[in-house]
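1. Generate coordinates for the sequence data below:
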Amino acid sequence: MISWTSQRQHCVSLSSTEAEYISASEAVKGILWITWLITSLSTTGDKQLVLFIDNQNATRLVKNPEFHKRTKHIDVRYHFIREKYEEGQFQLQYIGTEDQIADILTKPLVKERFEKLWSAIGVTTIKEIIN
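-> Numbers count the residues shown, from 1 in each chain. The predicted structure follows:
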């Protein structure tokens with residue numbers, strides 16, 4: 001199951017790490033909702049969902065419970081992600097930018113990269129969508 005949304009962040013980020021961290025925190029809210037939905041529809045919803053992040057520093061920030069001098073300005077509500085990670089509510093996995101399938105939904109891409117990601121989501125031709 002895939003959930004996707006696109007919206008402007010509600011605050012100004014001072015770095016790409018902070019922007020990814022805030023986005024990941026918002027994504028965890030969606031993960032928790034999807035987990036609830038799966039378990040309410042079925043008794044087989046015992047697997048953890050995985051959040052893929054393509055920013056290594058943001059991944060480290062989630063996994064490291066210490067507040068760093070460079071991140072103390074991040075609003076406390078975004079540290080929600082750390083709490084839920086420590087509770088085991090979801091899995092966190094780094095994914096290289098070249099393998100980040102979500103880029104097809106969020107970035108302008110060159111034709112070759114678009115086609116690679118297009119096939120990665122299970123679509124081989126535009127005709128499949130039309131038919």
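2. how about low-confidence regions in this protein?
-> 1-7, 43-46, 65-72, 124-131 (pLDDT under 70).
3. quick one: the longest helix along the chain to chain centroid distance?
-> For the chain, the helix that runs over the most residues, judged by DSSP state H, is helix 16-41. Put simply, helix 16-41 sits 7 Å off its chain's centre (CA atoms, centre = their mean, to the nearest Å).
4. Could you pull out the buried residues of stretch 83-101?
-> Residues of stretch 83-101 classed as buried: K84, Y85, F90, L92, I95, Q100 (neighbour count, 16 or more other CB atoms under 10 Å). C-beta coordinates here come from the backbone N, C-alpha and C atoms, glycine included.
5. For the protein, which segments count as strands?
-> Under the criterion DSSP state E, the chain contains strands at 50-53, 91-94.
6. how about those in JSON lines, adding distance to C11?
-> As requested, these are arranged in JSON lines below (distance: least, CB to CB, whole Å):
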{"stretch": "strand 50-53", "distance to C11": "19"}
{"stretch": "strand 91-94", "distance to C11": "22"}
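7. Mind checking those strands for the one nearest to W33?
-> The closest of the strands of the chain to W33 is strand 50-53. By CB to CB, the value is 13.1 Å.
8. Would you mind pulling up the elements that that closest one packs against?
-> helix 16-41, strand 91-94 (3 or more CB pairs under 8 Å, 6 or more residues apart in numbering; DSSP states H and E).
9. give me every residue that touches the nearest residue in space to K84 that is not next to it in sequence.
-> Excluding the flanking residues, the one nearest K84 by CB to CB, 6 or more residues apart in numbering is V28, at 5.4 Å. Residues counted as contacts of V28 (CB atoms under 8 Å, 6 or more residues apart in numbering) are L51, F80, I81, K84, Y85, Q89, F90.
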